[in-house]
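> The following comprises the amino acid sequence and a computationally predicted model.
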Amino acid sequence: MVQVWAPDGVGEIVAGTDLAALLLTAVDASGEPLADGDIVVITSKVVSKAEGRALRASRDEALPGQTRRIVARRGPTRIVRNLLGLTMAAAGIDASNVEAGTILVLPEDPDATARSVRAAIAERTGTRVGVIITDTAGRAWRDGQTDIAIGAAGITVLESFAGRVDGYGNPLAVTAPAVADEIASAAELAQGKLGHRPFAVLRGRDDLVLPADQDGTGAATLIRPEGADLFGYGAREAVVRALKGDPVDQRPFGAPAGLEDFLDALDELGIKPVSHTPPEDLTPGSSVEVVLPGEVDVASLAPFLFAFGWKVNRFTDACHHASPQTP
């Protein structure tokens with residue numbers, strides 16, 4: 001059985017607050033001291049406060065300094081890839097539950113903070129726990145927000161079921177529950193947004209908690225690398241970036257499309273290649289080429305080629321020879 005509770009009675013957190021001490025006091029006062037295998041959940045808001053990440057500025061003023069690049073914008077809303085690599089509205093900058101005119105930026109290294117809190121709990125109580133630091137984020141395709149893990153220590157953050165079979169004998173290929181995110185959301189149900197309960201404890205999943213001498217990979221491993229996300233830009237932004245054609249904007253589109261994907265896309269555009277490298281001839285590292293009809297307007301096709309990571313590399317007998325960009 002899984003249990004989740006969030007202790008009451010946590011006072012205001014200021015720069016320099018000892019989070020481990022405050023957490024242990026709150027948990028002990030709840031009548032349920034920590035036990036081996038428990039998972040401690042801490043909101044990023046109190047981590048930012050304790051680490052002095054409060055700024056006297058507006059969200060708009062702070063946003064550029066917390067942004068690697070803009071993913072999408074709609075009116076005043078900015079979805080960005082922030083300094084931690086997370087894709088979030090306004091870079092995760094928080095203007096709630098702070099003094100007027102003050103904002104909180106996310107912790108500089110949430111995984112390191114999680115490791116520090118875990119070590120402090122172990123030193124003071126001898127208890128082996130996992131630690132998760134959370135923040136609230138929206139999701140593509142769905143309204144509303146949920147809490148996710150942005151920092152973790154001593155816990156398996158991603159379970160892999162690849163290679164296993166279900167109850168019907170079907171092989172599982174890519175099933176990999178992000179259990180750290182699931183725990184973050186479960187904890188938020190107990191904490192509430194307005195309950196002043198920044199800590200929570202989840203008990204009953206000690207199988208996810210690592211040995212005392214292992215901190216694990218951290219929550220950073222849940223972030224897809226730049227270019228590996230199928231939605232590196234918003235729909236409108238992808239059009240603009242492809243039309244602009246600046247090489248610095250190409251990485252979020254991902255690696256160059258393979259021959260099959262490229263041919264399928266050409267077919268959607270109604271373009272019939274004169275010829276192309278036979279798929280059976282493709283080997284790792286081999287060259288790939290698609291010969292396009294001479295009547296194709298290369299200038300109008302440039303944004304398409306840019307988005308797919310291909311280029312026209314030569315002209316022969318009024319034909320255009322295209323191939324993937326070299327990484």
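On my side now, so go ahead. Numbering: from 1, shown residues only.
> Return the per-residue confidence for residue 162.
With respect to pLDDT, residue 162 scores 66.
> One more: residue 125?
Residue 125 carries a pLDDT value of 97.
> Tell me which residues touch it, please.
Counting by Cβ atoms under 8 Å, 6 or more residues apart in numbering, residue 125 touches 24, 33-34. Any C-beta I mention is one placed from the backbone N, CA and C, and that applies to glycine too.
> Tabulate those residues in TSV, adding columns for neighbour count, pLDDT and secondary structure.
TSV is the format used below for those (neighbours: other Cβ atoms under 10 Å; pLDDT from 0 to 100; DSSP: H, G, I helix; E, B strand; the rest coil):
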residue	neighbour count	pLDDT	secondary structure
24	20	97	helix
33	13	95	coil
34	20	97	coil
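> Around the residue nearest to residue 176 when sequence neighbours are not counted, how many other residues sit close by?
Sequence neighbours aside, residue 160 is the residue nearest to residue 176 in space, at 4.9 Å (criterion: Cβ to Cβ, 6 or more residues apart in numbering). Per other Cβ atoms under 10 Å, the neighbour tally for residue 160 reads 12.
> What distance do you get for residue 160 to residue 138?
26 Å (Cβ to Cβ, to the nearest Å).
> residue ranges of the strands in the chain, please?
With DSSP state E, the ranges of strands along the chain come out as 3-5, 39-43, 54-55, 67-74, 77-82, 87-89, 103-104, 130-139, 142-153, 199-203, 275-276, 290-292, 310-316, 319-324.
> and the longest one, C-alpha only, in PDB?
Taking only C-alpha atoms (Å, rounded to 0.1, in the frame of the first residue of the first chain), the coordinates of strand 142-153 have been written out as PDB:
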ATOM      1  CA  ARG A 142      -3.700  18.700 -22.300                       C
ATOM      2  CA  ASP A 143      -5.100  21.600 -20.300                       C
ATOM      3  CA  GLY A 144      -4.100  22.100 -16.700                       C
ATOM      4  CA  GLN A 145      -0.800  21.600 -14.900                       C
ATOM      5  CA  THR A 146       0.800  18.800 -12.800                       C
ATOM      6  CA  ASP A 147       3.900  18.600 -10.600                       C
ATOM      7  CA  ILE A 148       7.000  17.100 -12.000                       C
ATOM      8  CA  ALA A 149      10.400  16.100 -10.600                       C
ATOM      9  CA  ILE A 150      13.100  18.600 -11.400                       C
ATOM     10  CA  GLY A 151      15.600  17.200  -8.900                       C
ATOM     11  CA  ALA A 152      16.100  13.800  -7.400                       C
ATOM     12  CA  ALA A 153      18.600  11.800  -5.400                       C
END
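> Who does it pair with, and is each partner parallel or antiparallel?
Partners of strand 142-153 in the sheet, by DSSP bridges, are strand 130-139 (antiparallel).
> isn't the residue nearest to residue 176 right next to residue 172, touching?
No. Applying Cβ atoms under 8 Å, one finds residue 160 not in contact with residue 172, separated by 9.1 Å.
> what about stretch 218-227, how long is it end to end?
21 Å (Cα to Cα, to the nearest Å).
> I should have written stretch 49-61 there, sorry.
OK, stretch 49-61 end separation, Cα to Cα: 19 Å.
> How far away from the center of its chain is it?
On the basis of Cα atoms, centre = their mean, to the nearest Å, stretch 49-61 is displaced by 22 Å from the centre of the chain it belongs to.
> And the contacts of that stretch?
Residues from elsewhere that reach stretch 49-61 (Cβ under 8 Å, 6+ apart): 13-19, 47-48, 62, 90, 93, 95, 98, 101-108, 113.
> which residue sits closest to the most centrally placed residue in the chain in space, ignoring its chain neighbours?
Compute the mean C-alpha point of the chain, and by Cα atoms, centre = their mean the closest residue is residue 223, 3.6 Å away. In space, and not counting its chain neighbours, residue 223 is closest to residue 85: 4.5 Å by Cβ to Cβ, 6+ apart.
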